[in-house]
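*Asks:* here's my sequence, what's the structure:
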Amino acid sequence: MKRAFTFGAQGLIMLAIAVSFFVVGEARTIIVGGSEGWRPGVNYTDWALKTSPFYLNDKLVFKYAPPSDTFVAPNVYLLPNVWSYWNCNFNSAKLLANETQGSGEGFEFVLNESRPAYFASAADDGRHCTDEHMKFFAIARRHLN
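*Replies:* Below you'll find the model as predicted:
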């Protein structure tokens, strides 16, 4: 009598599934928004989808111009949950970088947890998040070493 799967075959299938959750590679340095940087008018949800997957220890760099008489500079907040992200609610958010910290080499954030990280700008009385859609999330995957 033949068996459809032997223990060895089942083990290989389980191994293939487990490996799909891990990726071999080095941490990357990623400029948020690519050549556009972190500024109003860019679709960061689209950018994040095209840039993903993100991995543990990847470094996100937020680069943006400082404030001026004609420009409201963004900032960078880490939002605590998906509800805050969808509603652009900054009540329990953590300020990561103010309006001046993105100039020059930019502000760096390392993805050091394998959970969603929700980013947004609350500048211009929250309009950067609500009207300009300056928000995205990243979920860091583990590397296989």
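*Asks:* ok, and the closest non-adjacent residue to residue 137?
*Replies:* Spatial nearest neighbour of residue 137, excluding adjacent residues (C-beta to C-beta, 6 or more residues apart in numbering): residue 118 at 4.7 Å. (Glycine included, C-beta is placed from N, CA and C.)
*Asks:* need the next SSE after the strand or helix carrying the one you found, C-terminal direction.
*Replies:* Using DSSP states H and E, residue 118 maps to strand 116-120. Remark: after strand 116-120, the chain's next helix or strand is helix 127-130, criterion DSSP H and E.
*Asks:* note down every partner strand of whichever helix or strand comes after that following helix and its orientation.
*Replies:* Counting by DSSP H and E, the next helix or strand C-terminal to helix 127-130 is strand 135-143. With DSSP bridges as the test, strand 135-143 is paired with strand 22-23 (parallel), strand 54-55 (parallel), strand 116-120 (antiparallel).
*Asks:* put the alpha carbons of the last one into CSV.
*Replies:* Taking Å, rounded to 0.1, in the frame of the first residue of the first chain, the C-alpha atoms of strand 116-120 are listed here in CSV:
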residue,chain,number,x,y,z
PRO,A,116,3.5,46.7,12.0
ALA,A,117,5.1,50.2,12.4
TYR,A,118,2.7,53.0,11.5
PHE,A,119,4.3,56.3,10.3
ALA,A,120,2.7,59.6,9.6
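*Asks:* on that earlier part again, hmm, who's touching the strand holding residue 118?
*Replies:* Identification of contacts with strand 116-120 by C-beta atoms under 8 Å, 6 or more residues apart in numbering yields 32, 60, 76-82, 84-85, 88, 90, 93, 96, 109, 111, 128-129, 134-140.
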